[in-house]
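# How does the following fold in three dimensions:
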Amino acid sequence: MILQAGADLASLAAKCAGQLNIEGPIVLGGGLGMNQPTLQAAMRIALATRGLHTLQVLTQDPVFGALRLASH
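Residues are numbered from 1 along each chain as shown. As a prediction, the model looks like this:
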(Lines give C-alpha, C1' and ligand atoms only; values in the text may rest on other atoms or scores of the structure.)
Protein backbone atom coordinates (compact mmCIF):
# COMPACT_ATOMS: atom_id res chain seq x y z
CA MET A 1 0.00 0.00 0.00
CA ILE A 2 2.80 2.42 0.88
CA LEU A 3 4.73 1.57 -2.28
CA GLN A 4 1.65 2.32 -4.38
CA ALA A 5 1.07 5.58 -2.49
CA GLY A 6 4.66 6.62 -3.25
CA ALA A 7 4.22 5.82 -6.93
CA ASP A 8 0.91 7.70 -7.05
CA LEU A 9 2.31 10.76 -5.29
CA ALA A 10 5.30 10.76 -7.62
CA SER A 11 2.99 10.60 -10.62
CA LEU A 12 0.98 13.58 -9.38
CA ALA A 13 4.13 15.55 -8.54
CA ALA A 14 5.62 14.82 -11.96
CA LYS A 15 2.42 15.97 -13.70
CA CYS A 16 2.42 19.21 -11.69
CA ALA A 17 6.11 19.80 -12.37
CA GLY A 18 5.55 19.21 -16.07
CA GLN A 19 2.62 21.61 -16.26
CA LEU A 20 4.64 24.27 -14.44
CA ASN A 21 7.78 23.52 -16.48
CA ILE A 22 9.76 22.83 -13.29
CA GLU A 23 12.64 20.34 -13.26
CA GLY A 24 12.79 19.97 -9.49
CA PRO A 25 13.44 19.51 -6.72
CA ILE A 26 10.24 17.85 -5.59
CA VAL A 27 9.60 18.62 -1.91
CA LEU A 28 7.88 16.12 0.39
CA GLY A 29 6.41 17.22 3.71
CA GLY A 30 3.77 16.18 6.19
CA GLY A 31 3.85 13.53 8.88
CA LEU A 32 3.76 10.46 6.67
CA GLY A 33 6.05 11.89 4.02
CA MET A 34 8.64 13.04 6.52
CA ASN A 35 8.63 9.89 8.66
CA GLN A 36 8.07 6.98 6.27
CA PRO A 37 11.33 5.93 4.56
CA THR A 38 9.51 3.34 2.42
CA LEU A 39 7.24 6.04 0.98
CA GLN A 40 10.25 8.27 0.34
CA ALA A 41 12.11 5.45 -1.43
CA ALA A 42 9.10 4.59 -3.58
CA MET A 43 8.74 8.22 -4.58
CA ARG A 44 12.44 8.53 -5.44
CA ILE A 45 12.28 5.48 -7.69
CA ALA A 46 9.07 6.58 -9.41
CA LEU A 47 10.29 10.15 -9.86
CA ALA A 48 13.59 8.97 -11.35
CA THR A 49 11.72 7.02 -14.02
CA ARG A 50 10.12 10.34 -14.97
CA GLY A 51 13.42 12.23 -15.12
CA LEU A 52 13.05 13.92 -11.73
CA HIS A 53 16.03 12.95 -9.62
CA THR A 54 15.80 15.20 -6.56
CA LEU A 55 13.31 14.54 -3.76
CA GLN A 56 13.85 16.84 -0.82
CA VAL A 57 12.21 15.67 2.41
CA LEU A 58 11.42 18.44 4.85
CA THR A 59 12.93 18.17 8.31
CA GLN A 60 10.33 20.40 9.94
CA ASP A 61 6.55 20.48 9.52
CA PRO A 62 5.45 22.81 6.70
CA VAL A 63 3.34 24.87 9.10
CA PHE A 64 6.52 26.30 10.64
CA GLY A 65 7.48 27.77 7.26
CA ALA A 66 4.05 29.34 6.93
CA LEU A 67 4.38 30.90 10.37
CA ARG A 68 7.83 32.18 9.52
CA LEU A 69 6.60 33.76 6.29
CA ALA A 70 3.64 35.32 8.09
CA SER A 71 5.89 36.90 10.71
CA HIS A 72 7.88 38.85 8.09
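
# from here on, contacts and neighbour counts on C-alpha atoms
Noted.

# Residues in contact with the helix-or-strand element of the chain with minimal mean pLDDT: which ones?
Lowest by mean pLDDT, DSSP states H and E among the helices and strands of the chain is helix 62-70, with a mean of 82. Under the criterion Cα atoms under 8 Å, 6 or more residues apart in numbering, residues 29-30 lie in contact with helix 62-70.

# do the same with stretch 44-60
Residues contacting stretch 44-60 (Cα under 8 Å, 6+ apart): 6-7, 10-11, 14, 23-29, 33-34, 40, 43.

# Show me which of those residues are buried.
6-7, 10-11, 14, 24, 26, 28-29, 33-34, 40, 43 (16 or more other Cα atoms under 10 Å).

# Among these, find the lowest-pLDDT one for me.
When these are compared on pLDDT, Gly24 comes out lowest, with 86.

# Please state the offset of stretch 53-64 from the chain centre?
Relative to the chain's own centre, stretch 53-64 is displaced by 7 Å; criterion: Cα atoms, centre = their mean, to the nearest Å.

# same question, stretch 21-36
Centre to centre, stretch against its chain (Cα atoms, centre = their mean), the figure for stretch 21-36 is 2 Å.

# What is the end-to-end distance of it?
Separation of the first and last residues of stretch 21-36 by Cα to Cα, to the nearest Å is 28 Å.

# Helices of the protein, residue ranges please.
2-20, 31-35, 37-48, 62-70 (DSSP state H).

# Just the angle for the longest one relative to helix 37-48, thanks.
So that's helix 2-20. 40 degrees (axes from the mean of the first three to the mean of the last three Cα atoms, to 10 degrees).

# Tell me which residues of helix 2-20 come out buried.
Buried residues in helix 2-20, counted by 16+ other Cα under 10 Å: 6-7, 9-11, 13-14, 17.
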